[in-house]
Each structure stands twice: as C-alpha cells, then as structure tokens.
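Visitor: 3D model of this:
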Amino acid sequence: MIVVDIETSGLDSNKHGIWQIGAIDLDNPSNTFLQESRIDDEDQVDPNALLITGKTEAEIRDKSKQSQKELLINFFKWAWDIKIKNLLCQGPQFDMSFLEVKSRKYGLNWIFHHRAFDLHSIAAVKYFKVNGEFLVSGGYSDMRLANILVFVGMKDDRGYHNALQDAKLTAEAFSRIVYGKSLFEEYKKFPIPEYLHGDEKDDYVQ
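Guide: Okay, here's the model as predicted:
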C-alpha cells in the first residue's frame, strides 16, 4: 500500500498544479519518496495554498526545478515495484483527482488501483466506536488530520505543510488505528491511547 500526500497551488485539479509529492511504502516505511517540481505556466495559484506551505509563487514556478510531468514520471517509477498499488490518503478524492488529471494531461499510464484507502473514513468509524458519536462541526465531519492525530495520541505540530511529513503522519495514524502500534521511531514518544490497543479495541463504545 502506498501512503501519499501532495502539495498543490490550489484546490481545483483542473486549474491548479502539483509542486510536491511525498509517499511511503506502508510495508517498508523506510522506502520513501519526496520530490518537488515547478507548476505549469498555465496553472493558477491560490494565495491560501501558499499560506499553508510557506512558499511563494516564484518558488513553485521556479524554472530550475523539474517539470510537473517529470515529477509524476519519477513518482510512478518509484511506486511501480510496490506490491499493493492502492493509495492511502487522508482524503483520496483530493490527491487522486490531481494525480489522475495530470496523468491524463501528460499522457501517462495510470498505475494505481481505482480503490483507495481513506484515513478520514477509517478514523471517523473508529472514533464512533470509541465515543458513540461522530466528530462533527458545522454539520460536517470534522475528522481532519489534526483531529485524527489527537485521537491517536499525537500532536499536530506541523507548522508549514510538507508532503512527506503529512504522508508519514497519515501512515502513523493508520497504523495506530488499524494495528494498534506505532510505525515510526520518532512517534513512539507519543503513547498510543488504550482504546487503540489490542484485539479488544473495538469494544470501547460508550
């Protein structure tokens, strides 16, 4: 399984571009991918996207960086040898839509399965089993990554977003929820909540 996160110049896959991809082989967490590119000349930039990454428009349009097409080719080459080619994302609709739209734009073969693992849904269901209700705010699910991290016993101290860091946090949260264990050494300092431990972890409905 491939845990992936992307950083983009906005939220619309038809208008904005990908400038960073971070990914992890879940079965071999030391096998990681992190590369950046320049967005295409025609790609638009949403100022809000720059705020969360700490980048400037000049940086994500830097002509000295590889092209967006080259970035995708390199990512696909890295992912090719991974046994399970389903993607695991915090919100697959976002990441996969960008990757698929850009793949079609550049005429690249899509190597991933159409089914993806959605950390948001997995965490929301587990939260319901533990607390007897879904985490909701303003009429919508509030199981964003920051709240998932709190739920699995960690802290959201990311600062500016980075694709590999977010992929690692997604993988760590998935491991804690599904397997009841930590995945990365640097996160073992955060104890796993008791309700995520062992075979009995589904019995904590309040």
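Visitor: Now do the same contact list for G54.
Guide: For G54, the contact set (C-beta atoms under 8 Å, 6 or more residues apart in numbering) comprises 159-160. Placement of C-beta: from N, CA and C, glycine included.
Visitor: List the buried residues of stretch 102-113.
Guide: 102-103, 108, 112 (16 or more other C-beta atoms under 10 Å).
Visitor: Just the C-alphas of it, formatted as CSV.
Guide: The C-alpha trace of stretch 102-113 is given here as CSV (Å, rounded to 0.1, in the frame of the first residue of the first chain):
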residue,chain,number,x,y,z
LYS,A,102,-2.3,15.5,-14.5
SER,A,103,-1.6,11.9,-15.7
ARG,A,104,-4.2,12.4,-18.5
LYS,A,105,-2.8,15.8,-19.3
TYR,A,106,0.7,14.3,-20.0
GLY,A,107,-0.5,11.0,-21.5
LEU,A,108,0.9,8.9,-18.7
ASN,A,109,-0.3,5.4,-17.8
TRP,A,110,-2.2,5.3,-14.6
ILE,A,111,-0.6,2.5,-12.5
PHE,A,112,-2.8,2.7,-9.3
HIS,A,113,-6.0,0.9,-8.5
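Visitor: For it, which outside residues touch it?
Guide: For stretch 102-113, contacts defined as C-beta under 8 Å, 6+ apart pick out 2, 13, 17-18, 68-69, 72-73, 76, 79-80, 85-87, 96, 99-100.
Visitor: from those, which would you call buried?
Guide: 2, 13, 17-18, 68-69, 72, 76, 79, 87, 96, 99.
Visitor: Including secondary structure, pLDDT and distance to G132, could these go into TSV?
Guide: Shown next, in TSV, are the buried ones among the contacts of stretch 102-113 (DSSP: H, G, I helix; E, B strand; the rest coil; pLDDT from 0 to 100; distance: C-beta to C-beta, whole Å):
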residue	secondary structure	pLDDT	distance to G132
I2	strand	98	33
S13	coil	97	37
G17	coil	98	42
I18	strand	98	39
Q68	helix	98	45
K69	helix	98	48
L72	helix	98	43
F76	helix	98	43
A79	helix	97	39
L87	strand	98	31
M96	helix	97	32
L99	helix	98	36
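Visitor: returning to that earlier point: so which of the buried residues of stretch 102-113 sit within helices?
Guide: 102-103 (DSSP state H).
Visitor: List just the nearest of the buried residues of stretch 102-113 to K63.
Guide: Nearest to K63 among these: K102, at 18.6 Å, using C-beta to C-beta.
Visitor: Map the structural domains onto the sequence of this structure.
Guide: Following automatic domain parsing, the chain resolves into domains at 2-106, 119-203.
Visitor: Which of those has the lowest mean pLDDT?
Guide: Lowest mean pLDDT within those: domain 119-203, at a mean of 92.
Visitor: who does I24 bridge with?
Guide: Beta bridges link I24 to V3, T32, judged by DSSP bridges.
Visitor: Count the residues that sit near it.
Guide: Counted with other C-beta atoms under 10 Å, residues neighbouring I24 total 27.
Visitor: cool, and G139?
Guide: For G139, using other C-beta under 10 Å, the count is 5.
Visitor: What residues does it make contact with?
Guide: Taking C-beta under 8 Å, 6+ apart as the definition, G139 has no contacts.
Visitor: Helices of this structure, residue ranges please.
Guide: Counting by DSSP H, the chain has helices at residues 47-53, 57-60, 68-80, 92-106, 119-131, 145-151, 163-178.
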